[in-house]
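Visitor: Sequence and predicted structure are below.
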Amino acid sequence: MAVLGGSIARRYAKALFGLGVSEGSYDRFGQELDALARMYEGSADLRLALENPVIKPSEKLAILRAIVPRVAPSPLVQRFAWLLLERGRITLLRAIARAYRELADARAGQVRATITTAAPLASGDLDRIRRALEKRTGQRVIVETALDPELIGGIVARVGDLVLDGSVRAQLEEMRRRLLN
């Protein structure tokens, strides 16, 4: 189901992205879509209300119409949110926002990388990693960071499908695998 949901999310993202490009507003639409997805994901009450089959569709739409303009002032993005609700696709909002961001990044010639470490990195180290990833990918890299104490040390860098795992945890697992074989 995840693959199907991802495919559907990409189609919706492409549709909105195409409209954003034609209007010259794709960056703004992406920001609004991200804000909308964060609001949706961040509120269990909102998700419960919009996903509850007992609540009438007209009531769900009224809820959405009351809150969407706060984070998505563009009428097109608002209508997009209402369309997702009407078609029963509101649960794909985060995936649609992610697919939209990938389209916008590709258009801008950039990629996003997630750098996961056991402890926070110094800004100089982060910049050095970003430059190395730019050299490897040939694109401008936007770095997002995450912490995972279970890595013990080292880093894990994810750029699209590319995963570079230089964590102590991975090295220990590799040693254990070699010793057991």
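Guide: Thanks, I have the structure now.
Visitor: Count the neighbours of the nearest residue to residue 57 once chain neighbours are set aside for me.
Guide: Nearest in space to residue 57, with sequence neighbours left out and distances taken as CB to CB, 6 or more residues apart in numbering, is residue 86 at 7.3 Å. In short, each C-beta sits where N, CA and C put it, glycine included. Neighbours of residue 86 under the rule other CB atoms under 10 Å: 13.
Visitor: Roughly how far does residue 86 sit from residue 65?
Guide: 12 Å (CB to CB, to the nearest Å).
Visitor: ok, the closest residue to residue 35 other than its chain neighbours - contacts?
Guide: The shortest distance from residue 35 to any non-neighbouring residue, by CB to CB, 6+ apart, is to residue 71 (4.0 Å). When contacts are counted by CB atoms under 8 Å, 6 or more residues apart in numbering, residue 71 touches 32, 35-36, 38-39.
Visitor: Please list only the buried members of those residues.
Guide: Among the contacts of residue 71, those scoring as buried are 32, 35-36, 39 (criterion: 16 or more other CB atoms under 10 Å).
Visitor: In helices, which of those residues fall?
Guide: In helices, judged by DSSP state H, the following of those are found: 32, 35-36, 39.
Visitor: Just say helix, strand or coil for residue 55.
Guide: Recorded secondary structure, residue 55: coil (DSSP: H, G, I helix; E, B strand; the rest coil).
Visitor: Skipping its backbone neighbours, what lies nearest it in space?
Guide: Nearest residue to residue 55, sequence neighbours excluded (CB to CB, 6+ apart): residue 49, at 6.0 Å.
Visitor: And for residue 143?
Guide: Ranked by CB to CB, 6+ apart and with sequence neighbours excluded, the top spatial neighbour of residue 143 is residue 130, at 4.9 Å.
Visitor: From what I see, the one you found and residue 114 are in contact.
Guide: No: when contacts are counted by CB atoms under 8 Å, residue 130 is not listed as touching residue 114 (11.8 Å).
Visitor: more neighbours, the two?
Guide: Neighbour count, other CB under 10 Å: between residue 130 and residue 114, residue 130 has more, with 17 against 13.
Visitor: in what helix or strand does that one lie?
Guide: helix 123-137 (DSSP states H and E).
Visitor: Residue 94 too?
Guide: Here residue 94, judged by DSSP H and E, is contained in helix 93-108.
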